[in-house]
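Asker: compute the structure for the input listed below.
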Amino acid sequence: MSDASAFSNSPDDVSKLPAASPLTRAALEIDEYAASLGWDLPARLFALVDSAALRKADPRIAKQLGLADDDAAGLTPVEQEEIPAGMELDKFLATIAWPDAVAGCALVVERQMLPPGAEQSRPRGASDAQLAEWVANHPQREEVRITAAVLRDGKKEIALRLRSKDVAREVLTGPDLVPGLTEALLATFS
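Answerer: The predicted structure is shown next:
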């Protein structure tokens with residue numbers, strides 16, 4: 001990531017909760033960063049690097065990223081190049097190979113979701129385009145920003161922010177909120 005200051009603490013900063021795992025803190029930190037940029041943006045990809053290993057391997061880069069020697073152990077998100085415009089996300093993810101120094105990765109995407117139970121009114125036999133249109137026009141649809149984060153060892157975390165509740169304290173977290181997305185990210189380490 002070129003601007004380490006984008007990850008500075010804010011009064012509503014939930015990413016520094018001591019009870020949260022390093023992966024949860026990283027997902028929430030990335031969610032806060034994405035929130036500072038606003039909505040209606042393309043997907044963003046991040047490498048997750050062990051902060052202590054980064055300080056030891058390259059103190060100059062660690063200092064540029066704002067990692068102090070006394071910072072708690074954790075993961076440092078490093079934003080990657082933009083995802084090519086027009087490329088399908090699953091095809092893009094299939095092209096990724098991470099170097100050994102990368103402990104994990106995270107992806108931020110915006111999507112529309114429906115509440116539980118809405119599937120029952122789903123049109124049968126509809127094409128993908130028809131389903132997308134059905135979701136886009138559904139009166140209960142909800143715009144969400146999903147930050148999916150995974151580690152090489154299989155750990156996963158999701159931070160999910162509803163556009164209608166766009167504050168840090170309303171962000172939902174859990175490892176299984178969007179399992180298809182975390183599985184796709186884990187496959188980048190295969």
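Asker: what residue, apart from its backbone neighbours, is nearest Ala187 spatially?
Answerer: Spatially, and ignoring its direct neighbours in sequence, Ala187 is nearest to Leu93 (7.0 Å; CB to CB, 6 or more residues apart in numbering). The C-beta positions use only the backbone N, C-alpha and C, and glycine is treated the same way.
Asker: other SSEs contacting the helix or strand where Leu181 lies?
Answerer: Applying DSSP states H and E as the criterion places Leu181 in helix 179-186. If you count contacts as 3 or more CB pairs under 8 Å, 6 or more residues apart in numbering; DSSP states H and E, helix 179-186 packs onto helix 89-93, strand 102-113, strand 142-151, strand 156-162.
Asker: gap between the residue positioned nearest the centre of the chain and Lys155?
Answerer: The chain has Thr147 as the residue nearest its centroid, 2.3 Å off, counting by CA atoms, centre = their mean. Separation of Thr147 from Lys155 (CB to CB, to the nearest Å) stands at 15 Å.
Asker: the helices in this protein, which residues?
Answerer: 22-37, 51-57, 59-64, 89-93, 128-137, 179-186 (DSSP state H).
Asker: surely the residue nearest to Ala187 and Ser190 touch.
Answerer: No: in this structure Leu93 lies outside contact range of Ser190 using CB atoms under 8 Å: 11.0 Å.
Asker: neighbour count winner among these two?
Answerer: Neighbour count, other CB atoms under 10 Å: between Leu93 and Ser190, Leu93 has more, with 19 against 5.
Asker: what's the least confident stretch among the helices and strands packed on helix 179-186?
Answerer: In terms of mean pLDDT, the lowest-scoring of those is helix 89-93 (a mean of 90).
Asker: and that helix, what does it pack onto?
Answerer: helix 179-186.
Asker: quick check: Ala136 touching Gln112?
Answerer: Yes: the criterion here is CB under 8 Å, and Ala136 meets it with Gln112 at 6.3 Å.
Asker: those two: who's more crowded?
Answerer: Between Ala136 and Gln112, Gln112 has the larger neighbour count (other CB under 10 Å), namely 13 against 9.
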